[in-house]
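1. return atomic coordinates for the entry below.
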Amino acid sequence: MAPRALTLKYRPQVFADLVGQDHVTSVLTAALESGRVAQAFLFTGARGVGKTTSARILAKALNCQNRKSGAEPCGTCNSCVEIAAGVSLDVLEIDGASNRGIADVQQLRENVRFAPTGGRHRVVIIDEVHQLSGDAFAALLKTLEEPPAHLVFIFATTDPQKLPDTIRSRTQRFDFARVPIRRVADRLLEIQKRESSDAAEGVQFELTDGAALLIAHKGEGSMRDAVSALDQVVSAGERTIDEALVRRVLGIPDHEAYFRVAGAVFSRDPKSALQQLHAAFEKGLDPRELAEGLAEHFRNVLVLKVDPERGHDLVAASNEDLAQLKQQGEGWADTDLLRLMRLAAEAQWPMRDSAQPLVHLEAAVLQMATLEPAESVAALIARLEALEKRLAGSPAAASAPRTAAAPARTAAPGARTHGFAAPASLPALGAAPAVPSPGFTPPRASEPVAPRPVPTATPRAPFTPAAMSTPAAIADDVTLDEGVANAWKQTIARVNERKRMLGAFLEEIRLVGVAGDALVLAMDDLHRSVIDSSEHRPIVHEELARAFGRPIEFRCTAGEPVTPAQRAAQADSLKPMIDRAMEVFDGEVIDRAGRGGERST
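-> The predicted model follows:
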């Protein structure tokens, strides 16, 4: 006797054999036990999940000669045997793709008028019913609306939206779900045991748990596809079926390549990530399969990170691989893992029509390996609100401590510190902007600023940057008491009323005290260039005179002089923060401010 395919040999014959469709079988069995069976059913769902099989089991249960009070067919009476063999005159199974015309439906209407020959019901099963034509549905509508008492329709389809509303509204709809991977794997292991115990027709083989999970994952929730894949692997003739054999027979890429590439990405080592990517490519893996596998790998890590207790039900992997996936996700936030998965998934679109798909994958892997940690939208909003309060001159905001920015993760030992490497830290969003506001030009150290008269009662010597740029020009007898501190607070408050941006800069300056007729302030070069500009210096002088009740000069003290390279690095340090904000808010640059406050086109 020729061997039978495993899909036919182990096709469910009763409701209890159906896997993963408990929500459907419970309702159908209750309806059969109570005798309240509808005259039209609509079974929907993906391929290979049990729609047609359930229709046949329901037909056997309706016409079973030995069924009294239960719902399961006996499988031994003449009616059950004929329906299982497909020769019953009371069960008509039609393919909607080949019998889709109005003439076929008219012939069907003539046949169903007659009473059943041996059973209690005449059952019509139409598979892929959505492929019937519009005229055929119109011809079927009258019979479906007022069917004979002995007639039961069972429609099966993978696309219920193509059915007319008039047809769907006259049926009881049951949505069949995809079978979970773990339950598919358990079913495959059960088939292996039943084959081993069948000495007459069974095939003797051993199936490992990892191989069963891999085949179940290949089936994508379809029990029929998974059993067919198992039958294909068994045909290879090997006694032991393990993961290596399944990958070789079914053409599934080696998962170790994904672990190595992802490990380099999680270590933030772009050099190693690129090497591992090319190593996998040289082994014969297609770049498109690599991109799909990486996206799935990061998805598995994310699932186990979000749900470490029950996430293994959604990941088709052995216990060893599950432990390794959990270990790779340690130290990474959920949002960053989601960004990695999105980068791997989005890289697949340009690869489909590209003559060099590996180039797109290389760019995506390098971007993933240099990805900086993201901050949540709530944290960014809090920092923006703090900056807004300081710009508004709020006293409560001025006295409130700043929110420390989260430290960036450090690169792994041996990782590259140039090229793709990102800066180790980012400035707080509430800090003073590195680019001056439009309307003024910061003075250069080699160009003296022209003096501008200050409206006071007595003339004073002009104030130049040279006079305030050296700490040696500050007197040693500096006085700082409560009166000086209050006068300085009044100055900041009045400057805020006139120009909020300038007031925000003054709030970040440290008051040293009064030395003679000069107010000593501690600031860096950035704040010095803003306050000493030709636009802002008169405002500060006027408000100082009003607050102290007399004309008073101000001088600044600073630490070690800042080199041009350090100043350029400080100005460029805001770029990563801007890029991060653009990535979080999905923004784009529509205009960029040039130096001196002018807009560049």
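2. domains of this structure?
-> The record's domain parsing of the chain by automatic domain parsing lists 6-176, 181-250, 255-369, 466-562.
3. mind listing what's buried along the helix or strand where L322 lies?
-> Using DSSP states H and E, L322 sits within helix 319-328. The neighbour-count check on helix 319-328 (16 or more other C-beta atoms under 10 Å) flags 321-322, 324-326, 328 as buried. All C-beta atoms are positioned from the backbone trio N, CA, C, and that covers glycine.
4. nearest to A504 among those residues?
-> Q328 (43.7 Å; C-beta to C-beta).
5. which ones are touching the closest one?
-> Listed by C-beta atoms under 8 Å, 6 or more residues apart in numbering, the contact set of Q328 reads 259, 262-263, 266, 301.
6. try L58
-> So, once contact is read as C-beta under 8 Å, 6+ apart, L58 ends up touching 28, 32, 41, 123, 154.
7. and of the domains of the chain, who's closest to L387?
-> domain 466-562 (8.2 Å).
8. look at V520 and say how many residues are nearby.
-> Neighbouring residues of V520 were enumerated by other C-beta atoms under 10 Å; the total is 23.
9. from the chain's centre, how far out does the helix or strand containing it sit?
-> Assessed by DSSP H and E, V520 sits inside strand 518-522. Distance, stretch centre to chain centre, for strand 518-522: 53 Å (C-alpha atoms, centre = their mean, to the nearest Å).
10. for the very next helix or strand once past it, packing partners?
-> Using DSSP H and E, the helix or strand that follows strand 518-522 in sequence is helix 525-531. When contacts are defined as 3 or more C-beta pairs under 8 Å, 6 or more residues apart in numbering; DSSP states H and E, helix 525-531 sits against helix 500-507.
11. chain center to the helix it packs on, what's the gap?
-> For helix 500-507, the distance to the chain centre is 41 Å (C-alpha atoms, centre = their mean).
12. low-scoring pLDDT stretches of the stretch 451-600 of the chain, where are they?
-> The stretch 451-600 of the chain contains residues with pLDDT under 70 at 451-476, 558-574, 584, 589-600.
13. do a quick rundown of the strands in it.
-> With strands called from DSSP state E, counting those that start in this stretch, the stretch 451-600 of the chain shows them at 510-515, 518-522, 553-557, 592-593, 599-600.
14. contacting residues around the longest one?
-> Meaning strand 510-515. Contacts for strand 510-515 (C-beta under 8 Å, 6+ apart): 474-480, 484-485, 488, 519-523, 552, 555, 557.
15. how about 10 Å then?
-> 473-481, 483-485, 487-489, 491-492, 519-523, 548, 552-557 (C-beta atoms under 10 Å, 6 or more residues apart in numbering).
16. got a quick ChimeraX command for the buried subset of these?
-> Burial among the contacts of strand 510-515 is assessed by 16+ other C-beta under 10 Å; the matching ChimeraX selection reads:
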select :474,478,484,487,488,491,492,519,520,521,523,548,552,553,554,555,556,557
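17. still on that earlier bit, out of the domains of the chain, which is closest to L391?
-> domain 466-562 (4.8 Å).
18. my guess is D517 contacts I552. True?
-> Yes: between D517 and I552 a contact is recorded at 6.0 Å, counting by C-beta atoms under 10 Å.
19. now do the same end-to-end measure for stretch 213-224.
-> 15 Å (C-alpha to C-alpha, to the nearest Å).
20. so how far is that stretch off the chain centroid?
-> On C-alpha atoms, centre = their mean, the centre of stretch 213-224 falls 23 Å from that of its chain.
21. tell me the mean pLDDT for it?
-> Averaged across stretch 213-224, the pLDDT comes to 90.
22. and for stretch 114-125?
-> 86.
23. before we move on, what about stretch 189-203?
-> For stretch 189-203, mean pLDDT is 88.
24. quick check: R178 touching A216?
-> No: the criterion here is C-beta under 10 Å, and R178 misses it with A216 at 11.1 Å.
25. comparing those two, which residue is more hemmed in?
-> A216 (28 against 17).
26. what about that one, helix or strand, and which?
-> Per DSSP H and E: A216 is located in helix 209-219.
27. try G293
-> In the assignment (DSSP H and E), G293 maps to helix 287-306.
28. quick one: contacts for E330?
-> E330 touches 266, 301, 305, counting by C-beta under 10 Å, 6+ apart.
29. how much space between the first one and T240?
-> In this case it means F266. Distance, F266 to T240, by C-beta to C-beta, to the nearest Å: 33 Å.
30. again with A185
-> 17 Å.
31. higher neighbour count, those two?
-> A185 (23 against 10).
32. other SSEs contacting the helix or strand harbouring that one?
-> Assigned by DSSP H and E, A185 belongs to helix 181-197. Here helix 181-197 touches helix 6-9, strand 206-207, helix 209-219, helix 223-234, going by 3 or more C-beta pairs under 10 Å, 6 or more residues apart in numbering; DSSP states H and E.
33. for those, which one ends up most surrounded?
-> Most buried of the helices and strands packed on helix 181-197 by mean neighbour count (mean count of other C-beta atoms under 10 Å) is helix 209-219; its value is a mean of 24.
34. about what we covered before: just the C-alphas of the helix holding A185, formatted as CSV.
-> Only the C-alpha atoms of helix 181-197 are listed here, as CSV (Å, rounded to 0.1, in the frame of the first residue of the first chain):
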residue,chain,number,x,y,z
ILE,A,181,3.5,28.2,17.3
ARG,A,182,3.9,26.2,20.5
ARG,A,183,0.6,24.3,19.9
VAL,A,184,1.7,23.5,16.3
ALA,A,185,5.0,22.2,17.6
ASP,A,186,3.2,20.0,20.1
ARG,A,187,1.0,18.6,17.4
LEU,A,188,4.1,17.8,15.3
LEU,A,189,5.7,15.9,18.2
GLU,A,190,2.4,14.0,18.7
ILE,A,191,2.4,13.0,15.0
GLN,A,192,6.0,11.7,15.5
LYS,A,193,4.9,9.6,18.4
ARG,A,194,1.9,8.2,16.6
GLU,A,195,4.1,7.4,13.5
SER,A,196,6.6,5.6,15.7
SER,A,197,3.9,3.5,17.3
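35. and that helix, what's buried?
-> For helix 181-197, burial by neighbour count (16+ other C-beta under 10 Å) applies to 181-182, 184-185, 187-189, 191-192, 195.
36. ok, stretch 263-276 next?
-> Within stretch 263-276, the residues that count as buried by 16+ other C-beta under 10 Å are 263-270, 272-274, 276.
37. from those, which two are the most distant?
-> F266 and L274, at 14.8 Å, using C-beta to C-beta across these.
38. can I get the strands of the stretch 451-600 of the chain in TSV with distance to D22?
-> Shown next, in TSV, are the strands of the stretch 451-600 of the chain (distance: least, C-beta to C-beta, whole Å):
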stretch	distance to D22
strand 510-515	70
strand 518-522	73
strand 553-557	77
strand 592-593	60
strand 599-600	65
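39. how about those, which one is nearest T7?
-> Closest among these, using C-beta to C-beta: strand 592-593, at 62.5 Å.
40. give me the below-cutoff pLDDT ranges for the stretch 301-450 of the chain.
-> In the stretch 301-450 of the chain, residues with pLDDT under 70: 393-450.
41. and the residue lying closest to A216 once chain neighbours are set aside, what does it touch?
-> Spatially, and ignoring its direct neighbours in sequence, A216 is nearest to V184 (3.8 Å; C-beta to C-beta, 6 or more residues apart in numbering). Residues counted as contacts of V184 (C-beta under 10 Å, 6+ apart) are 19-20, 178, 212-213, 215-223, 225-227, 230, 316.
42. just to revisit the earlier point, nearest to I539 among the contacts of L58?
-> F41 (82.0 Å).
43. just list whatever residues bridge to that closest one.
-> I154, Q172 (DSSP bridges).
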